[in-house]
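Visitor: Starting from these lines, generate the structure:
(4 chains)
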Protein chains: 2
Amino acid sequence: MAAKNSGARSKRTRRTSERPPPVQEPPLSRERIVTTAVELLDAQGIEGLTMRRLADRLGAGVMSLYWHVDKKEDVFDLALDAVLDYRASPPGNEPQDWRGEAIHMLEDWRASMLRHPWSASLLPRRVLGPNILSRLERLSQILSRAGVADTNLNAAIWSLWNYVMGATITRASFDVSDDDRAAAQQRLTRLSERYPTIERSRLLLDDDWNGAFRKGLGFLLDGLSPK
Amino acid sequence: MAAKNSGARSKRTRRTSERPPPVQEPPLSRERIVTTAVELLDAQGIEGLTMRRLADRLGAGVMSLYWHVDKKEDVFDLALDAVLDYRASPPGNEPQDWRGEAIHMLEDWRASMLRHPWSASLLPRRVLGPNILSRLERLSQILSRAGVADTNLNAAIWSLWNYVMGATITRASFDVSDDDRAAAQQRLTRLSERYPTIERSRLLLDDDWNGAFRKGLGFLLDGLSPK
DNA sequence: ACCTGAACACCGTTCAAGT
DNA sequence: ACCTGAACACCGTTCAAGT
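Guide: Coordinates of the predicted model:
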């Protein structure tokens, strides 16, 4: 009873068993597709998401997906936004600690994406889904309450966005290719007369990503703070 | 004589004409491959670069490429670094205006990538080529000379890197999908009770990308400046 | 040393059809 | 309304072979 539907592609013979749909194969739906897509992306990375594989995991034919979704791109859009959900303490709270609030939300943003490393390299090409928008909304409110001038508000939001995106994308890509990074540092050491400064500071070997993220974010918030 | 080799795929009959290789079809080489790859990427975008198409443009068979290059990935790596060359006034100059120097170099970085929008979405997954490294080296020297403490140096470099990458990637992706952006703003206006703050500040309609970039960079440099 | 075509194991998506 | 298989026009890369 356990591994019933695993190995055998026995779609044809399903009707013979009499039970009313026993949870086992709920009908296809956008939701189910997105959930499974995220699973697949987590497991196999961005290259691993294939319409054929996705359909397989769902126990459906490839073309069935196209009833619920227009193009493969849509699956990417939906998967990305699905991953960026944010629940935080209600907005009105503690208007004094805007810095802490901003840091919390942005670190969570980064963490959410690093939990699904594919999301980082996906984001650049994707549309702004509702979860992304509501994070931007939240950020805007925090900064506004903090006293950032209206004329600076958009620039401030985008600069934080830029910082977080850049950091996350970089982090995720280094994660994937740790060997490449080692190779780069090797080359760097070999050519230490060409890159003396970053060689000396061990720029590529510094492993404290979280610390660097927080520190840099601190710099930026310092610069943003209304004087 | 002009459009000699354009339409006809007459590889077979080439030997009949007697001339010594008249510049027309220089032998395949890594360099030629990279140059053509950049052209192709500029023209067709990231999806447009295909080993088959690339070989076609070079008047060679697909598999000939694989003598000069291991995998398609390599072509991407090489194309990316090729685009990031930086020539600036010699490093020793004007030690006083570090801020101007940093801004110049980072704006040039962004501009170089925006000239080849595919580079922005490529970078996250790529190795650090020599041109990228030498920019980081340069940045490190500037900040060091500016008096940034050694303990802050790496964090400072990465935060600037993050900012520039985030900004560039975002800019490039919005460039590609201007309609998507319009659609997003539409949805946003429709749901203005959900996103009142960013709706009011017209976050998604603000078109002054260059201004926003400079402003945000200013914030960050302010935060970085040794007090 | 350099280049090649045929073949393999994949893709996303159109289309006409089934229930 | 929802699902399907066959077919089309592509991919990157292995392999055995040519010069």
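Visitor: alpha carbons only for contacts and neighbour counts from here, please
Guide: OK.
Visitor: domain parsing for chain A?
Guide: With automatic domain parsing as the criterion, the domains of chain A are listed as A:25-83, A:98-175+A:210-224.
Visitor: Which of the helices or strands spans the spatially most central residue of chain A?
Guide: Among the residues of chain A, the smallest C-alpha distance to the mean C-alpha position (Cα atoms, centre = their mean) belongs to residue A:113, namely 2.8 Å. Assigned by DSSP states H and E, residue A:113 falls within helix A:98-115.
Visitor: Following element in sequence after the lowest-mean-pLDDT helix or strand in chain A, please.
Guide: When each helix and strand of chain A is scored by mean pLDDT, DSSP states H and E, helix A:178-190 comes last, with a mean of 66. Sequence order places helix A:196-200 as the next helix or strand after helix A:178-190, per DSSP H and E.
Visitor: Name the residues of that next one that come out as buried.
Guide: A:196, A:197, A:198, A:199 (16 or more other Cα atoms under 10 Å in any protein chain shown).
Visitor: as a whole number, average confidence for the helix ranked longest in chain A?
Guide: For chain A, the longest helix by residue count, based on DSSP state H, is helix A:150-176. Here helix A:150-176 scores 89 as its mean pLDDT.
Visitor: which other helices and strands contact it?
Guide: helix A:98-115, helix A:118-122, helix A:130-146, helix A:209-224, helix B:150-176, helix B:209-224 (3 or more Cα pairs under 8 Å, 6 or more residues apart in numbering or on different chains; DSSP states H and E).
Visitor: Next, format those helices as CSV and append distance to DNA strand D.
Guide: Supplementary listing: the helices and strands packed on helix A:150-176 in CSV, determined by distance: least, Cα to the nearest atom of the strand, whole Å:
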stretch, distance to DNA strand D
helix A:98-115, 26
helix A:118-122, 19
helix A:130-146, 23
helix A:209-224, 31
helix B:150-176, 21
helix B:209-224, 33
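Visitor: from chain A, which residue is nearest to DNA strand C?
Guide: Using Cα to the nearest atom of the strand, residue A:50 is the residue of chain A that sits closest to DNA strand C, at 3.5 Å.
Visitor: now what about the helix holding residue A:113, what contacts it?
Guide: Helix A:98-115 has contacts (Cα atoms under 8 Å, 6 or more residues apart in numbering or on different chains) with A:83-84, A:88, A:119-120, A:139, A:142-143, A:145-146, A:164-165, A:168, A:171-172, A:217, A:221.
Visitor: Now that we have those residues, which of them are buried?
Guide: With neighbours counted using 16+ other Cα under 10 Å, those contain these buried positions: A:83-84, A:119-120, A:139, A:142-143, A:146, A:164-165, A:168, A:171-172, A:217, A:221.
Visitor: Could you list the buried residues of the helix holding residue A:113?
Guide: By neighbour count with 16+ other Cα under 10 Å, helix A:98-115 contains the buried residues A:98-99, A:101-102, A:105-110, A:112-114.
Visitor: what's the angle from that helix to helix A:150-176?
Guide: Using axes from the mean of the first three to the mean of the last three Cα atoms, to 10 degrees, the interaxial angle of helix A:98-115 with respect to helix A:150-176 works out to 30 degrees.
Visitor: Show the contacting residues for residue A:164.
Guide: By Cα under 8 Å, 6+ apart, the contact list for residue A:164 reads A:106, A:109, A:110, B:162, B:163, B:166.
Visitor: one more time with 10 Å, if that's ok
Guide: Counting by Cα atoms under 10 Å, 6 or more residues apart in numbering or on different chains, residue A:164 makes contact with A:106-107, A:109-110, A:158, A:170, A:213, A:216-217, B:159, B:162-163, B:165-166.
Visitor: quick one, what contacts residue A:68?
Guide: Counting by Cα under 10 Å, 6+ apart, residue A:68 makes contact with A:28, A:29, A:30, A:31, A:33, A:74, A:75.
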